[in-house]
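# give me a model of this one.
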Amino acid sequence: MTTTNRPTLGFAQLWNISFGFFGIQIGFALQNANASRIFQSLGTPIDQLGLMWIAAPLTGLLVQPLIGHYSDRTWGRLGRRRPYFLIGAILCTCALFFMPNAPSILAAAMTLWILDASLNVSMEPFRAFVGDMLSPRQRPAGYAFQTWFIGAGAVVASIAPYAFENVFGVSNTAPAGEVPDAVRYGFYFGGVMLLIAVLWTVLTVREYSPAELAAFGEEAQEPVDHAPPVIPQRGPLWIVGGIVVALLIAWAERSGALASGREAYFVAAGIALYGVAQLVSGALVRAGRGDNVLSHIIGDLATMPDTMRRLALVQFFTWGALIIMWVYTTPVIAQQVWGTIDPTSDGYNQAGSWVGVLFAIYSGVAAVAAFALPVLARRIGAARTHLLCLAIGAVAYIGIFLTHDRIGMVVPMIGIGIAWASVLTMPYVLLANALPQRKLGVYMGIFNFFIVLPQLIVATVMGGVIKTWFPTNPVYTMLVAATVMALAAVAMLRVRDPIAG
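Numbering: from 1, shown residues only. Below you'll find the predicted structure:
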């Protein structure tokens, strides 16, 4: 089969392809910087904050591979990825407008679930979109553009409540049980910006048609596309593993090592359910009914490329550290700088606004570093670049633990920004030529398993750890984050750089 190369795209086209990510990251950043604050404003105890966040990883675990699977197979008037951008953006905007007005903790938790689901519907196809639209040579630049927009969007969103308070004079305090107006207006602003940015990409980019994609040789690269899915053989082991984890949680509760493990049982149940899913998938394939989304996703997970498999462990530790930061930075900064963990105090609300500024700083650093890291990667390799940046991130978390000055907190945030830029760029550069092109969407979704699984573990376990070991000192969560990020750096030693061989 004669193949053609994708055309080389210019700056404006690269901009248009990824500009929607600017809006999506505004939504994510508002969620990350303010969700804990909203929950605590509504009366959520600090040791239950992780439980409130459980919707986010569960949603990503279910939504991303499904959206990836179906977006690989979609074609309509808007193409195959853009319909998902648009639907997700509309739902995100609605959730952003409602969340700061949620009348109860339950309503806020449900809205967070809807918001995260909608963000995932839009975000996952954007990762595959770069692979669709760009040649292998241009993909590093494409992912760098995405990282820049992620950083820029996070800067805008993180600083929005602070700007509404200090520039426009909007109140940053509210009675118990209510969310400050500065946060509320920040969410309204973010909802509008998200929809505009995604509409920009939807309306300015024309996706390649199936015929054009075929001309790039994708059909020839996927001769086994219609073969029966692989049948994993370890379903019973996963079920046993889930039971063992549940027994360990019960032992930890009874011994006093974990104050409450009821949320942690979600992890044990998830491990066992994965084993059940493998058994069900195998039965369907053997019965000649393997052409279904469950069997395809389970089979693709079992046969993912070796580069992806090794990076999965890195992602697991990396995102465990990140979710700890997003959930607990506000109470940590309130304790370290303002000397309070009382969510109704003025100091706590000042800390909440300052966290928005700090998150904007690390996001701004990431936006700048996004274009510097590929240059470094060409000199020392993408794998070594990522290892170095993860190590910097681990040191930065220790910096938060040791710092008691508001301005001094800027220094560790610079380190976190460098690590964040690498997290958003280097793994995708390493994967660029390792994934089958016509399964790019589903594999990107599966890769996100190893982003959401550690978030699920943190959301279900960390609350019990805090309550047992340091109930009045949330700052120790930063030492946990530093340890986990250091493990991610060590895991990078197993990843081979394609440039090096």
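
# for V156, give me its contacts.
Residues near V156 by Cβ atoms under 8 Å, 6 or more residues apart in numbering: I26, A29, M193, A360. Where C-beta positions appear, they are placed from N, C-alpha and C, glycine not excepted.

# which one of these sits in the busiest neighbourhood?
With neighbours taken as other Cβ atoms under 10 Å, the top of the contacts of V156 is I26, carrying 31 neighbours.

# the longest helix in the protein is where?
When the chain is parsed with DSSP state H, its longest helix is helix 346-380.

# elements contacting it?
Judged by 3 or more Cβ pairs under 8 Å, 6 or more residues apart in numbering; DSSP states H and E, helix 346-380 is in contact with helix 11-41, helix 139-166, helix 306-338, helix 382-402, helix 410-431.

# confirm T344 sits in a helix?
No - going by DSSP: H, G, I helix; E, B strand; the rest coil, the assignment for T344 is coil, not a helix.

# what's the burial count for S171?
The local packing of S171 (other Cβ under 10 Å) involves 14 other residues.

# which element is the residue nearest in space to the middle of the chain on?
Geometric centre of the chain, nearest residue: I451, 6.0 Å, by Cα atoms, centre = their mean. Per DSSP states H and E, I451 falls inside helix 449-469.

# residues of that helix that come out buried?
By neighbour count on 16 or more other Cβ atoms under 10 Å, the buried set for helix 449-469 is 449-468.

# now do that helix against helix 306-338, angle only.
Between helix 449-469 and helix 306-338, the angle comes out at 40 degrees (axes from the mean of the first three to the mean of the last three Cα atoms, to 10 degrees).

# tell me what the following helix or strand past helix 449-469 is packed against?
Next along the chain after helix 449-469, taking DSSP H and E as the criterion, comes helix 476-491. Counting contacts by 3+ Cβ pairs under 8 Å, 6+ apart, helix 476-491 packs against helix 306-338, helix 382-402, helix 449-469.

# list the buried ones in helix 476-491?
477-482, 484-489, 491.

# what sits against G417?
Shown in contact with G417 (Cβ under 8 Å, 6+ apart): G151, I361, Y362, S363, G364, V365, A366, A369.

# thought the second one was touching P412?
Right, the one you point to is I361. No - I361 lies out of contact with P412 (Cβ atoms under 8 Å); the separation is 10.1 Å.

# quick one: neighbours of A287, just the number.
So A287, with other Cβ under 10 Å, has 8 neighbours.

# err, T340, not the other one
T340: 17 surrounding residues under other Cβ under 10 Å.

# do I have it right that it meets G347?
Yes - applying Cβ under 8 Å, one finds T340 in contact with G347, separated by 4.4 Å.

# give the residues shared as contacts by these two.
Each of A334 lies in contact with both T340 and G347 under the rule Cβ under 8 Å, 6+ apart.

# after the helix-or-strand element of the chain with minimal mean pLDDT, next one along is what?
Ranking every helix and strand in the chain by mean pLDDT, DSSP states H and E puts helix 218-221 at the bottom, with a mean of 45. Using DSSP H and E, the helix or strand that follows helix 218-221 towards the C-terminus is helix 235-255.

# just the CA atoms of that next one, as PDB, please.
In PDB, the C-alpha atoms belonging to helix 235-255 read as follows (Å, rounded to 0.1, in the frame of the first residue of the first chain):
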ATOM      1  CA  GLY A 235      -8.600 -13.000  36.600                       C
ATOM      2  CA  PRO A 236      -8.700 -15.300  39.600                       C
ATOM      3  CA  LEU A 237      -5.400 -13.900  40.900                       C
ATOM      4  CA  TRP A 238      -6.900 -10.300  40.800                       C
ATOM      5  CA  ILE A 239     -10.000 -11.500  42.700                       C
ATOM      6  CA  VAL A 240      -7.800 -13.200  45.400                       C
ATOM      7  CA  GLY A 241      -5.700 -10.000  45.500                       C
ATOM      8  CA  GLY A 242      -8.700  -7.900  46.200                       C
ATOM      9  CA  ILE A 243      -9.700 -10.200  49.100                       C
ATOM     10  CA  VAL A 244      -6.200 -10.000  50.500                       C
ATOM     11  CA  VAL A 245      -6.200  -6.200  50.400                       C
ATOM     12  CA  ALA A 246      -9.600  -6.100  52.100                       C
ATOM     13  CA  LEU A 247      -8.200  -8.400  54.900                       C
ATOM     14  CA  LEU A 248      -5.200  -6.100  55.300                       C
ATOM     15  CA  ILE A 249      -7.500  -3.100  55.600                       C
ATOM     16  CA  ALA A 250      -9.500  -4.900  58.300                       C
ATOM     17  CA  TRP A 251      -6.300  -5.800  60.100                       C
ATOM     18  CA  ALA A 252      -5.100  -2.200  60.000                       C
ATOM     19  CA  GLU A 253      -8.400  -0.900  61.400                       C
ATOM     20  CA  ARG A 254      -8.400  -3.400  64.300                       C
ATOM     21  CA  SER A 255      -4.700  -2.800  65.100                       C
END
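
# could I get the buried residue list for that helix?
In helix 235-255, counting by 16+ other Cβ under 10 Å, buried: G235, W238, I239, G241, G242, V245, A246, I249, A252, E253.
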